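Student: coordinates only, sequence not included:
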């Protein structure tokens, strides 16, 4: 396979991963905006203090998957030489870091991020 064919294949794979990430992010944000907590990791510190079986139930698998997928996208973009960040992932990480006393709760954060991404909450 030629160098340009490999690059085209990698870029197509990157587009697929980015599209899938956005779909998964929207689904998780819609659930969160409807009242399901965990996507932004607000309760992670409290969850860590719980017994292991309860931690597994309370921990959000969606957020862990989003972070893993976003990191994979970040690595592939770097390998391909893209200098611009993948904004949906970067904004998601930014919103996950909002832990001030007066920060809105996760459902409101989800609605804000959906609005920022230009997606109307369903």
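Tutor: Structure received. Because the structure is a prediction, the values reported are computed rather than measured. Residues are numbered from 1 along each chain as shown.
Student: And residue 6, how close does it get to residue 103?
Tutor: With distances taken as CB to CB, to the nearest Å, residue 6 is found 44 Å from residue 103. Where you see a C-beta, it was placed from the backbone N, CA and C, and this is true even at glycine.
Student: Same question for residue 4.
Tutor: Per CB to CB, residue 4 is found 47 Å from residue 103.
Student: neighbour-wise, which of the two wins?
Tutor: Neighbours were counted for residue 4 and for residue 103 using other CB atoms under 10 Å; residue 103 has more, 14 against 8.
Student: From what I see, the more buried one and residue 109 are in contact.
Tutor: Yes - contact criterion CB atoms under 8 Å: residue 103 and residue 109 qualify, at 7.5 Å.
Student: The residue nearest to residue 29 when sequence neighbours are not counted: which element?
Tutor: Of all residues not flanking residue 29 in the chain, residue 110 sits nearest, at 4.4 Å (CB to CB, 6 or more residues apart in numbering). Take DSSP states H and E as the rule and residue 110 turns out to sit in helix 106-116.
Student: what is the mean pLDDT for that helix?
Tutor: Averaged over helix 106-116, pLDDT sits at 93.
Student: and it, what other elements does it pack with?
Tutor: When contacts are defined as 3 or more CB pairs under 8 Å, 6 or more residues apart in numbering; DSSP states H and E, helix 106-116 packs onto helix 3-33, helix 87-96.
Student: show me what contacts the closest residue to residue 70 other than its chain neighbours?
Tutor: Among residues not flanking residue 70 along the chain, residue 89 sits closest, at 3.6 Å (CB to CB, 6+ apart). By CB atoms under 8 Å, 6 or more residues apart in numbering, the contact list for residue 89 reads 21, 66, 70, 73-74.
Student: And the helix holding residue 110, how far out from the chain middle?
Tutor: Distance, stretch centre to chain centre, for helix 106-116: 13 Å (CA atoms, centre = their mean, to the nearest Å).
Student: List the buried residues in it.
Tutor: Of all the residues in helix 106-116, those buried under the rule 16 or more other CB atoms under 10 Å are 106-107, 109-111, 113-114.
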